[in-house]
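# Provided below for reference: sequence and predicted model.
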Amino acid sequence: MTIEGVSFIVIARNEEFGVRKCLAALAALPTVSCEVICVDSGSRDGTVEVMRDFLGRVANLKIMVLDGYSNASVARNVGLRQASGEIVFFLDGDVEVDPEFIAAGVACLRERPGGITGKLRELQYSRDYSRVLKEVPDRFHIRGEGRIYACGGCFMASREALLKTGFFDERLERSQDYDFTLRLSRRYPLLGIPVSMGTHHTVGYDDRQRLSTHLAKFQALFFGCALRKNLANLRGILWLLSRRERGIALGALTTVAGAMAIAFFGTSGAVALAALMTADLAAGWAKGEDGLYRIYLHYLYPAGALVGALHIPDRRRPYTVREVAP
């Protein structure tokens, strides 16, 4: 099937390894009247050079570079302002797309405006990408077609739905995809289908450098910000916490229950909380998860999200956008 009228927005920062796979997959697609808009957020590796290698190999490829302040929201907005297609596919630069999903998504969105996402295979690598540490066959656990209320940064949407939803919130340095899709799903159907979008090539989530970046930048704040902004979509928030971010929700409930137990029962409550947390960490260990990352995700992350729900930090600074000449 020929793919027609789609704008692919590919955002990347220091994704030299993954963006080559992403663009090679896009170059192989049978497209007509499509465009690929790559937005680099100040990479310090060879990401832009890899993008340049695909000029002439990917039809209607445009490369935009952000100088100064950047985050995923800024990059996606730069791409969105350039996009002219009736359907837009937002892609992270480390995702190798599957044409079957694109065909299914285009057919669905031409029948009914809204958004659509799918399954995502994931390969988690060592920091230098020399070894695959873990394979996740379906990161999002989509078993059948149905309405969902939020998703990550890889999804397709009709122009009509995008115009009504607006732009990504550039204050949000993380969780901007949840904020955007929660807003979109208030007005239009957001579907999850059991078709693979492709393969996500990423460094393992328990990588110490990755974890230290999360902590240093207080990135958990922005999850709380996204929830606060979308209180009008309470059904979507409950769906997100119960289906997509269950670990964060359970960690928060455990902490709250433990605090109440300590308040009412003192030492006995503290012992009960310690037992619950130990059991939780043991369950993660049995599944091969890193203990430190589980502590962060289940206990520190909810605390940061609570702070973010009370106050939305705004750390934006000036930035400029330039196009890379062919």
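Cool, the structure landed.
# contacts and neighbour counts: CA atoms only from here.
Noted.
# List the buried residues in the helix or strand where residue 278 lies.
Following DSSP states H and E, one finds residue 278 within helix 267-286. Buried residues in helix 267-286, counted by 16 or more other C-alpha atoms under 10 Å: 269, 270, 272, 273, 276, 277, 280, 281, 284.
# now stretch 194-205
In terms of neighbour count (16+ other C-alpha under 10 Å), stretch 194-205 has its buried residues at 194, 195, 196, 197, 198, 199, 200, 201, 202, 203, 204.
# so the fourth one sits in a strand?
Going back to what we said before, that points to residue 197. Yes - judged by DSSP: H, G, I helix; E, B strand; the rest coil, residue 197 forms part of a strand.
# for this structure, what spans make up the helices?
Along the chain, counting by DSSP state H, helices occupy 16-27, 47-53, 72-82, 99-111, 159-165, 176-187, 208-216, 221-229, 234-239, 246-265, 267-286, 291-295, 301-310.
# so what does the fifth one touch, helix or strand wise?
Packing contacts for helix 159-165, counted by 3 or more C-alpha pairs under 8 Å, 6 or more residues apart in numbering; DSSP states H and E, involve helix 176-187.
# Taking helix 72-82 as reference, get the angle to the helix it packs on.
60 degrees (axes from the mean of the first three to the mean of the last three C-alpha atoms, to 10 degrees).
# So what touches helix 176-187?
72-73, 114-115, 148-153, 161-162, 164-165, 167-169, 190, 222, 226-227, 229-230, 233, 236-237 (C-alpha atoms under 8 Å, 6 or more residues apart in numbering).
# One more pass at 6 Å, please.
For helix 176-187, the external contacting residues (C-alpha atoms under 6 Å, 6 or more residues apart in numbering) are 149, 150, 151, 152, 153, 165, 226.
# and the two most separated of those residues?
152 and 165 (15.9 Å; C-alpha to C-alpha).
# which phi and psi does residue 129 have?
With angles defined as degrees, to the nearest 10, residue 129 sits at phi 60, psi 20.
# State the number of residues packed around residue 152.
Residue 152 is flanked by 18 other residues according to other C-alpha atoms under 10 Å.
# For residue 258, give me the pLDDT.
pLDDT recorded at residue 258 is 89.
# was I right about it contacting residue 273?
Yes - using C-alpha atoms under 6 Å, residue 258 makes contact with residue 273 at a distance of 4.9 Å.
# List the beta-bridge partners for the nearest residue to residue 22 once chain neighbours are set aside.
Sequence neighbours aside, residue 96 is the residue nearest to residue 22 in space, at 4.3 Å (criterion: C-alpha to C-alpha, 6 or more residues apart in numbering). Beta bridges link residue 96 to residue 199 when assigned by DSSP bridges.
# how many neighbours does residue 96 have?
Neighbourhood size, residue 96 [other C-alpha under 10 Å]: 24.
# Please report the distance of it from residue 169.
26 Å (C-alpha to C-alpha, to the nearest Å).
# Same check on residue 315?
Taking C-alpha to C-alpha, one finds residue 315 at 12 Å from residue 169.
# same check, this time on residue 124
Distance, residue 124 to residue 169, using C-alpha to C-alpha: 28 Å.
# Pick out whichever of those two has more residues nearby.
residue 124 (20 against 17).
# surely that one meets residue 200?
No - proximity of residue 124 to residue 200 does not meet the contact threshold set by C-alpha under 6 Å, at 8.2 Å.
# can you tell me which of the contacts of helix 176-187 lies nearest to residue 33?
Distances from residue 33 to the contacts of helix 176-187, taken by C-alpha to C-alpha, are shortest for residue 153, at 23.6 Å.
# so where's the stretch 1-150 of the chain shaky on pLDDT?
For the stretch 1-150 of the chain, not a single residue meets the criterion pLDDT under 70.
# Count the neighbours of the closest residue in space to residue 139 that isn't next to it in sequence for me.
Excluding the flanking residues, the one nearest residue 139 by C-alpha to C-alpha, 6+ apart is residue 120, at 5.5 Å. For residue 120, the neighbour count with other C-alpha under 10 Å is 25.
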